[in-house]
Structure formats: structure tokens, C-alpha cells
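Engineer: I would like the atomic coordinates for the input below:
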Amino acid sequence: QVQLVESGGGLVQPGGSLRLSCTGSRITFSAYVMSWYRQAPGKGRELVARIARGGSSTTYADYVKGRFTISRDDTKNALYLQMNSLEPEDKGVYYCNARAIGNDYWGQGTQVIVSS
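Structural biologist: This is a model prediction of the structure:
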């Protein structure tokens, strides 16, 4: 079955950076719109960033604009999220999502903790 695996989370100080990665198996990334979602403690899952097929366009949540960058490498079946200037409010579990008509896949998540 399709697998999405996130990595790169961890503990970082405020103002620091992390780069999240998502790799997929049994899936062709180029056919999917790829996204990163975040679920903070006690809250629902919310969209952080989305990248269109082929990388032609990106969408960001207002609170990450200018700090986070989403990118993809379809030759490697990989999705990335470069997170800079991290704030305590950025903490949560970050999930990779692949979506196409009739298909919606999620990874297991990677935890990000921003704390001094």
C-alpha cells in the first residue's frame, strides 16, 4: 500500500530552523498535489503549505508566510518544508499529505517542538 514517511522533526530553539522531509513509496508524487499540515496540541489539523503538481504554485497559511518554504522533488518522490524563524506557536505534529481525485494519503507525522 501507499506509504508516506515524514522525517526531520525535533526540538529547536525559538528563531531556529528545521527542514522536514516526506518520502513516498508505491505512489507517484508527480500525480498529486502535496501539502504539509500541522496539528497543535488540543487543536485540529490545519494546512501549513501546499504545492501544486509540478511545483507551479504554492499556498501558505498566513502565519508561516515568509518563514516557511515548501518544495518538491518528484524525481525522488520527496516533499520538503524548510522552516525558518521558528516560534513556539509552530510546535505540533506535521503531516505530509498527497491528494488527487479519488485518493488522499497521509503520513504518520513528525513532531516539532520549539522551546528554549
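
Engineer: my read: Ala61 touches Glu46, true?
Structural biologist: Yes - the criterion here is CB atoms under 8 Å, and Ala61 meets it with Glu46 at 6.9 Å. (C-beta placed from N, C-alpha, C; glycine too.)

Engineer: Pick out whichever of those two has more residues nearby.
Structural biologist: Legend: neighbour count by other CB atoms under 10 Å for Ala61 and Glu46, higher for Ala61 (15 against 12).

Engineer: what are the phi and psi values for the more buried one?
Structural biologist: Dihedral pair for Ala61: phi -70, psi 150, per degrees, to the nearest 10.

Engineer: With Ala98 as the reference, measure out to it.
Structural biologist: Applying CB to CB, to the nearest Å, the value for Ala61 to Ala98 is 19 Å.

Engineer: who's in contact with the residue nearest to the spatial centre of the chain?
Structural biologist: In the chain, the centroid-proximal residue (CA atoms, centre = their mean) is Trp36; its distance is 2.9 Å. Neighbouring residues of Trp36 by CB atoms under 8 Å, 6 or more residues apart in numbering: 20, 22, 47-50, 70, 79, 81, 94-97.

Engineer: could you redo the last one with a cut-off of 7 Å?
Structural biologist: If a contact means CB atoms under 7 Å, 6 or more residues apart in numbering, then Trp36 has 20, 48-49, 70, 81, 94, 96 as its contacts.

Engineer: pLDDT score assigned to Ser56?
Structural biologist: If you check Ser56, the pLDDT there is 89.

Engineer: Can you get me a residue count around it?
Structural biologist: Residues near Ser56, counting by other CB under 10 Å, number 7.

Engineer: which stretches of this protein form strands?
Structural biologist: Secondary structure of the chain by DSSP state E: the strands cover 3-7, 10-12, 18-25, 33-39, 45-51, 58-60, 68-73, 78-83, 92-100, 103-106, 110-114.

Engineer: Show me what counts as buried in the first one.
Structural biologist: Judged by neighbour count using 16 or more other CB atoms under 10 Å, the buried positions of strand 3-7 are 4, 6.
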